[in-house]
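*Asks:* Just the structure for this:
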Amino acid sequence: QFTPEQAMRQAAERLPSVQVALALLQSAQAYASSIGAQPNPFLRLSYIAGEPIEEANALAFRFEIAGQPGLREQSAQRSAEARSQELASEKRVVALRTGQAYYSYWEKQGIVRVAQERVELARSLERTSYRRFSVGEISQNQHMRAQLELARAQADEVTARQESEQAQGLMNLLLGRPVAEPVLLPDGPVALPPLPSANQVDGKLEALQVGLDQLPEVEALRKEAAAQERQTELARRANAPELLLQFYRDRFGPTNVNAVQLSVTIPLWDWGTVAAEVGRREGLQKAAEARVAERQLALQQRALDASKRYQAALEREKILADQATRFLKLSNDARRAYDANLMTLLEVFDVQQSYRQAFQAYLTAQAEVARAALEIGALSPAGFFEEVSRVQP
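*Replies:* This is a model prediction of the structure:
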């Protein structure tokens, strides 16, 4: 049997999208580990016909002295930190999708049970109507109505079972299992993972919005904006002076020229390529900074939607809980009343349909409470989702 917590943790470790985010993080960390070094030295070897120049053969070291290595390293580190936050965010997304799929599957299983109960009730009514038709108490038309209701109930059960199997297949895909493998859920109501935010909301949207700025997806965009800022500054320093240290000689054999040379290279002007790169980087930096505000707005909208759905689902669940119990009693009473010839077939159908609709609405309300609570938990920087998203070293 899978609890929601077990399913969410398992999916957050196995889903390919998490592995993609992990590989991108490892790539960014590997890049950041060495990109802050000075340019690579080069060796120049020359084949000479005629008089050689003094530095025909040289070992040269180029040094960037305007802070470019440090800027490259800082930019790469910010990018690696962004990838780390993206991995944490992806684990949260996968855990949320899995949790919501879990409760959708739980809901579909409940609807299957209701459909099976309807088939049993319809079959019982069909037997009763046949008995009454056989002794002439009802017309053939009424008996055919009972047969039609049984056929409809069986068809609806097939539909409910197919939707349940689809929900089970989605669960298995998220868990990295064969699609047709059974997913066993605990009997009765399924408890949510520990979600402190879900217990704190209860109509207080402000309590939910406090931690939105601390979510990994926002932090990832901030880190990316910081990386772009350093890339812009790096582009501005493309025309900065550089040092060049050379150890050279004119020939491989005996020679009088062995020397060391330290030079300063100073770019004179820019034909436009540096200015173009600076302009491009400034635009990318502004876009990265704007994405932070864009994501914050989207998260506020998600928080508002999740909060309202949670409150509405709670109210519906409370209202429908009593109704579902009452309609179950009425449905059983109606069947017995029909057996005793105290109710018509149409009245029984009406009662049973009301029970079925009320109970399905109650199941849906229960599942929606859980799905909205998970959404609220995913919008909190602490708690269960923070544990799931924690990046292992």
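
*Asks:* C-alpha from now on. contacts and neighbour counts both.
*Replies:* Will do.

*Asks:* for the stretch 101-250 of the chain, what spans make up the helices?
*Replies:* Here the stretch 101-250 of the chain has its helices, by DSSP state H, counting those that start in this stretch, at 140-175, 196-200, 205-209, 216-236.

*Asks:* Which of the ones you listed comes out lowest on mean pLDDT?
*Replies:* Looking at these, the lowest mean pLDDT belongs to helix 196-200 (a mean of 51).

*Asks:* so where is the chain shaky, pLDDT-wise?
*Replies:* Counting by pLDDT under 70, the low-confidence segments of the chain come to 187-189, 196-205, 207, 324-336, 338-343, 345, 391-393.

*Asks:* which one is residue 213 nearest to, not counting chain neighbours?
*Replies:* Excluding the flanking residues, the one nearest residue 213 by Cα to Cα, 6 or more residues apart in numbering is residue 296, at 6.9 Å.

*Asks:* The one you found in helix, strand or coil?
*Replies:* Secondary structure, DSSP: H, G, I helix; E, B strand; the rest coil: residue 296 is helix.

*Asks:* isn't it right up against residue 211?
*Replies:* No. The pair residue 296 / residue 211 is not scored as a contact, 10.8 Å apart, by Cα atoms under 8 Å.

*Asks:* And those two? Which one has more around it.
*Replies:* A direct count of neighbours by other Cα atoms under 10 Å for residue 296 and residue 211 places residue 296 higher, at 17 against 13.

*Asks:* Pull the contacting residues for the residue lying closest to residue 68 once chain neighbours are set aside.
*Replies:* Leaving aside its chain neighbours, residue 68 sits nearest to residue 234 (6.0 Å; criterion: Cα to Cα, 6+ apart). By Cα atoms under 8 Å, 6 or more residues apart in numbering, the residues touching residue 234 are 68, 71-72.

*Asks:* Now render the residues you listed as TSV, adding neighbour count and distance to residue 6.
*Replies:* Below are the contacts of residue 234 laid out as TSV (neighbours: other Cα atoms under 10 Å; distance: Cα to Cα, whole Å):
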residue	neighbour count	distance to residue 6
68	23	48
71	21	43
72	21	42
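
*Asks:* Can I get the residues you listed in TSV including secondary structure and distance to residue 191?
*Replies:* Output for the contacts of residue 234, formatted as TSV (DSSP: H, G, I helix; E, B strand; the rest coil; distance: Cα to Cα, whole Å):
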residue	secondary structure	distance to residue 191
68	helix	54
71	helix	50
72	helix	49
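
*Asks:* wait, which of those residues is closest to residue 365?
*Replies:* Checking those against residue 365 by Cα to Cα gives residue 72 as the nearest, at 52.8 Å.

*Asks:* State the distance from the residue lying closest to the closest one once chain neighbours are set aside to residue 70.
*Replies:* Distance criterion Cα to Cα, 6+ apart; nearest residue to residue 72, sequence neighbours excluded, is residue 36 at 5.6 Å. Plainly put, residue 36 is 6 Å away from residue 70 if you go by Cα to Cα, to the nearest Å.

*Asks:* Compare these two (neighbour count), which wins?
*Replies:* Ranked by neighbour count (other Cα under 10 Å), residue 36 and residue 70 place residue 36 first, with 19 against 16.

*Asks:* Now for the more buried one: which residues touch it?
*Replies:* The contact partners of residue 36, by Cα under 8 Å, 6+ apart, come to 69-74.

*Asks:* Is it in a helix, a strand, or coil?
*Replies:* coil.

*Asks:* give me phi/psi at it?
*Replies:* Here the main-chain torsion angles of residue 36 (degrees, to the nearest 10) amount to phi -80, psi 10.

*Asks:* Quick check: which of the helices of the stretch 101-250 of the chain has the most neighbours on average?
*Replies:* Most buried of the helices of the stretch 101-250 of the chain, by mean neighbour count (mean count of other Cα atoms under 10 Å): helix 216-236, with a mean of 22.

*Asks:* ok so, going back, how about the contacts made by the residue nearest to residue 213?
*Replies:* 212-213, 218.

*Asks:* ok, those residues vs residue 1, which is closest?
*Replies:* Comparing the contacts of residue 296 against residue 1 with Cα to Cα places residue 212 closest, at 33.6 Å.

*Asks:* correct me, but the closest one touches residue 380?
*Replies:* Yes. Under the criterion of Cα under 8 Å, residue 212 makes contact with residue 380 at 6.8 Å.

*Asks:* Tell me the buried residues in stretch 269-283?
*Replies:* For stretch 269-283, the buried set under the neighbour-count rule, 16 or more other Cα atoms under 10 Å, comprises 274, 277-278, 281-282.

*Asks:* Just the ones of those in strands?
*Replies:* Taking DSSP state E, every one of the buried residues of stretch 269-283 sits outside strands.

*Asks:* Looking at those residues, which two lie furthest apart in space?
*Replies:* 274 and 282 (12.2 Å).

*Asks:* residues contacting the spatially most central residue of the chain?
*Replies:* Geometric centre of the chain, nearest residue: residue 93, 2.1 Å, by Cα atoms, centre = their mean. Residues in contact with residue 93 (Cα under 8 Å, 6+ apart) are residue 378.

*Asks:* you'd agree it is in a strand?
*Replies:* No. Assessed with three-state DSSP, residue 93 is helix; it does not lie in a strand.

*Asks:* Show me the strands in the chain, by range?
*Replies:* So, for the chain - with DSSP E - the strands run 42-44, 57-64, 242-249, 258-265.

*Asks:* Nothing else from me, thank you.
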